[in-house]
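turn this into a model:
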Amino acid sequence: MDMKMTTTAFEIPGQRIVRNLGVVRGVTVRSRGLVGQLAASLRTIAGGKIHEYVSLCEQTRAEAFELMLQHAQEQGANAIIGVRYDATELGENMTEVLAYGTAVIVEAA
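Residues are numbered from 1 along each chain as shown. Prediction:
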């Protein structure tokens, strides 16, 4: 799917929604390894940006987004509108990230 055909909005400029295929989602769960947790813990002492966790969050969001795209393609969609992310702590150092939106078929307006 063309990444330009995803949006947090509920319409895509220049496109007309011809069919709504329903909600699609991508879910992943990640945890930081022991070495990463130790490095992040040491970094919290000095304060500032914790690069180990920023990297983990970016990778996890990208994976959830890609899974959402795959789900939309399986449904026959060529676009996703109303894209959102959600995150839930599942336990110590484990986070679930959900990317979701509405799969649609669009055509040029």
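
from now on I want contacts and neighbour counts done on CA atoms only, so please keep to that.
OK.

show the contacting residues for the closest residue to residue 76 other than its chain neighbours.
In this structure, residue 76 finds its nearest non-sequential neighbour in residue 105, 7.7 Å apart by C-alpha to C-alpha, 6 or more residues apart in numbering. Residue 105 makes contact with 17-21, 76-79, according to C-alpha atoms under 8 Å, 6 or more residues apart in numbering.

grab the longest strand from the chain for me.
Identified as the longest strand of the chain according to DSSP state E is strand 15-31.

buried ones from the contacts of residue 105, can you make that a PyMOL selection?
Provided next is the PyMOL selection string for whichever of the contacts of residue 105 are buried by 16 or more other C-alpha atoms under 10 Å:
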select buried, resi 17+77+78+79
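
just the contacts of residue 105 now: which is nearest residue 63?
residue 79 (17.9 Å; C-alpha to C-alpha).

and that closest one, what are its bridge partners?
residue 104 (DSSP bridges).

tell me the pLDDT of it.
Residue 79 carries a pLDDT score of 97 in this model.

from here on, call the first residue 11.
All right, first residue 11 from here; so that's residue 89.

ok, it touching residue 111?
No. Assessed by C-alpha atoms under 8 Å, residue 89 is found out of contact with residue 111, at 9.8 Å.

what comes up buried for the host helix or strand of residue 109?
Using DSSP states H and E, residue 109 maps to strand 104-118. Of the residues in strand 104-118, 105-116 count as buried by neighbour count, 16+ other C-alpha under 10 Å.

picking that back up, how about the longest strand of the chain: buried residues?
Buried, per 16+ other C-alpha under 10 Å, within strand 25-41: 27, 33-41.

kindly indicate which of those residues lies nearest residue 60.
Using C-alpha to C-alpha, residue 41 is the member of the buried residues of strand 25-41 that sits closest to residue 60, with 14.9 Å.

which residue is the nearest non-sequential neighbour of that closest one?
That would be residue 104: by C-alpha to C-alpha, 6+ apart, it lies 4.5 Å from residue 41.
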